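Enquirer: got a structure for you, letters missing:
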């Protein structure tokens with residue numbers, strides 16, 4: 001806390017930077033990033049406190065809440081530190097500062113600033129200290145970060161003010177009721193590990209809704225990670241209401257998480273794609289609160305915010321392998337975001353003009369760097385799966401994903417190195433990724449998987465250019481982007497992961513290695529619409545497979561020039 005002696009300046013040891021630059025990172029390197037994030041949080045909190053000193057509020061002043069936090073930190077530094085480092089705390093801090101700068105919107109500013117009072121109450125409960133603060137309620141509910149949600153049943157709707165008193169880990173909450181009277185409830189908050197017994201009352205009617213945790217055993221004891229569906233600042237942008245998971249959905253998360261962690265638990269170093277799942281600080285379920293409809297096998301949505309180190313917003317899949325891959329991917333983003341808080345890695349004008357092999361749209365340089373770092377980790381994840389594959393089918397699938405992601409990541413690393421916009425630290429980081437990927441490009445992969453990966457990579461780039469890049473006009477310089485471009489689904493990356501047994505469509509024939517049949521089928525589709533991007537991309541790539549000469553190389557490099565479609 002700020003009352004501590006001023007720490008020495010952060011200086012990352014070169015060996016830890018080298019680990020992270022290679023795409024991996026030991027537990028020591030991740031711990032260093034966490035310490036740096038803690039220092040950053042304290043600086044942001046100090047800035048916020050300075051700005052809130054003159055804010056008119058019906059709640060307890062920020063200075064009072066801060067005093068409660070400091071007292072709790074003195075009594076229980078570990079739990080209060082974990083509260084400060086909680087991803088949702090970082091999300092709230094960043095959002096509140098954006099509100100003060102006029103670049104974000106939300107509820108009345110006094111209510112958002114009053115989340116500091118809720119943090120102080122949660123800290124006091126963790127430490128067992130005393131507190132008496134006026135806190136904001138939303139429809140009678142008070143979120144307590146890291147603990148859960150307290151609720152006054154029958155409370156007045158909308159934003160109101162309540163008194164929160166703590167003593168010995170017990171909370172007494174008093175606020176206005178709908179009938180004009182005062183409601184009071186006393187609870188002893190605690191989180192709730194999964195699985196849990198069936199509830200005796202619905203969560204909506206309960207005075208206390210505990211934060212659930214995903215648990216997994218480790219050699220040093222059980223690790224509990226928040227399954228965060230309650231905190232208003234759990235998402236990437238504006239505050240959200242609680243979205244409590246049904247018991248069945250929460251338990252499905254627990255089962256899937258255990259299986260995913262088991263996949264990541266295999267011993268074998270600290271390289272890209274390997275990390276301790278105990279470093280995850282929160283999993284935020286997205287898009288579904290019940291087990292119906294059934295979850296898809298792949299992760300349809302996942303995201304990470306640089307403000308919320310260690311948190312992952314994920315739409316639950318049904319496949320543990322897909323979840324394990326996503327955990328790796330999103331933690332890579334968290335590591336890079338923490339590095340970007342420490343070092344200026346690149347000079348980015350934020351213009352979105354670069355090809356990213358995993359996106360439908362042009363990206364800026366920071367987006368390219370994030371993608372390269374994340375997918376280097378993903379490539380490492382599949383490299384490990386290839387090493388332990390027990391049959392030809394598993395080796396083929398893992399080999400495909402490893403080959404595809406190492407190729408795509410190396411292409412983006414080349415772009416970053418050639419643009420000349422990297423700082424010395426940025427060049428050191430990207431050069432470290434390049435060394436990792438260059439080493440991997442020399443590693444053997446099953447031939448059929450390697451061929452499909454190269455084909456899938458060519459298909460994505462070709463279709464991306466057809467959909468995004470306009471043919472040059474007379475006297476034009478660099479590439480022009482189409483004004484009518486829209487988002488498009490990348491259906492081929494996962495479709496090519498396995499060789500079709502009985503191919504019927506053009507894509508399936510190309511994935512099966514029958515480029516001639518695929519070419520004929522693509523040509524039939526283009527007879528009706530010669531400029532349809534998906535079919536045209538397939539036609540170009542199939543031609544390149546059959547005739548890898550100068551003409552087809554030019555078509556692959558600048559497919560947007562192919563108008564009208566030549567015959568044959």
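Expert: Received, thanks. Small disclaimer: the values here were computed from a predicted structure and weren't measured.
Enquirer: A helix includes residue 295, no?
Expert: No. Under DSSP: H, G, I helix; E, B strand; the rest coil, residue 295 sits outside any helix and is assigned coil.
Enquirer: what's it in contact with, if anything?
Expert: Applying Cβ atoms under 8 Å, 6 or more residues apart in numbering, we find residue 295 in contact with 252, 288, 316-318. All C-beta spots, glycine's among them, are computed from the backbone N, C-alpha and C.
Enquirer: What is the lowest-pLDDT residue among the residues you listed?
Expert: The lowest pLDDT within the contacts of residue 295 belongs to residue 288, with 94.
Enquirer: for that one, phi and psi?
Expert: Main-chain torsions, residue 288, degrees, to the nearest 10: phi -150, psi 140.
Enquirer: same question, residue 150
Expert: Residue 150 has phi and psi values of phi -90, psi 140 when expressed as degrees, to the nearest 10.
Enquirer: count of residues packed around the nearest residue to it once chain neighbours are set aside?
Expert: Setting aside the residues directly before and after it, residue 150 is nearest to residue 142 in space (Cβ to Cβ, 6 or more residues apart in numbering), at 4.6 Å. Residue 142 has 23 neighbouring residues, counting by other Cβ atoms under 10 Å.
Enquirer: follow-up on the earlier one: mark which of the contacts of residue 295 are buried, thanks.
Expert: For those, a burial check counting by 16 or more other Cβ atoms under 10 Å picks out 252, 288, 316-317.
Enquirer: Please verify my assumption that residue 176 contacts residue 182.
Expert: Yes. Residue 176 is within contact range of residue 182, at 6.5 Å (criterion: Cβ atoms under 8 Å).
Enquirer: hang on, the earlier thing: verify the assumption that the residue nearest to residue 150 is located in a strand.
Expert: Yes. Per three-state DSSP, residue 142 lies within a strand segment.
Enquirer: In contact with it, which residues?
Expert: Residue 142 is in contact with 118, 121, 135-136, 149-151, 162, 164, 173, counting by Cβ under 8 Å, 6+ apart.
Enquirer: at 7 Å what do you get?
Expert: Under the criterion of Cβ atoms under 7 Å, 6 or more residues apart in numbering, the contact list for residue 142 reads 118, 135, 150, 162, 164, 173.
Enquirer: now do residue 511
Expert: By Cβ under 7 Å, 6+ apart, the residues touching residue 511 are 452, 495-496, 499-500, 503.
Enquirer: Put together TSV for these, with pLDDT, secondary structure and distance to residue 361 on each row.
Expert: Shown next, in TSV, are the contacts of residue 511 (pLDDT from 0 to 100; DSSP: H, G, I helix; E, B strand; the rest coil; distance: Cβ to Cβ, whole Å):
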residue	pLDDT	secondary structure	distance to residue 361
452	98	helix	25
495	95	helix	21
496	97	coil	21
499	93	coil	30
500	95	coil	29
503	96	coil	30
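Enquirer: ok, residue 460 to residue 362 distance?
Expert: Separation of residue 460 from residue 362 (Cβ to Cβ, to the nearest Å): 14 Å.
Enquirer: Kindly report the same for residue 51.
Expert: To residue 362, residue 51 is 36 Å away according to Cβ to Cβ.
Enquirer: same check, this time on residue 554
Expert: Residue 554 is 22 Å from residue 362, where distance means Cβ to Cβ.
Enquirer: the more surrounded of residue 460 and residue 362?
Expert: Set side by side, residue 460 and residue 362 show more neighbours around residue 460, with 24 against 19, by other Cβ under 10 Å.
Enquirer: hang on, the more buried one packs against residue 490?
Expert: Yes. Here residue 460 lies in contact with residue 490, judged by Cβ atoms under 7 Å, at a distance of 6.3 Å.
Enquirer: Give the lowest-confidence helix or strand of the protein, using mean pLDDT as the measure.
Expert: Of all helical and strand segments in the chain, the minimum by mean pLDDT, DSSP states H and E falls on strand 192-193, at a mean of 83.
Enquirer: On the pLDDT front, check residue 205 for me.
Expert: On the pLDDT scale, residue 205 is placed at 48.
Enquirer: Just list what the longest helix anywhere in the chain packs against, helices and strands only.
Expert: Identified as the longest helix of the chain according to DSSP state H is helix 392-419. Identification of packing neighbours for helix 392-419 by 3 or more Cβ pairs under 7 Å, 6 or more residues apart in numbering; DSSP states H and E yields helix 365-387, helix 424-441, helix 447-468.
Enquirer: can you put those helices in a markdown table and add distance to residue 283?
Expert: Listed next are the helices and strands packed on helix 392-419 as a markdown table, based on distance: least, Cβ to Cβ, whole Å:
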| stretch | distance to residue 283 |
| --- | --- |
| helix 365-387 | 17 |
| helix 424-441 | 27 |
| helix 447-468 | 29 |
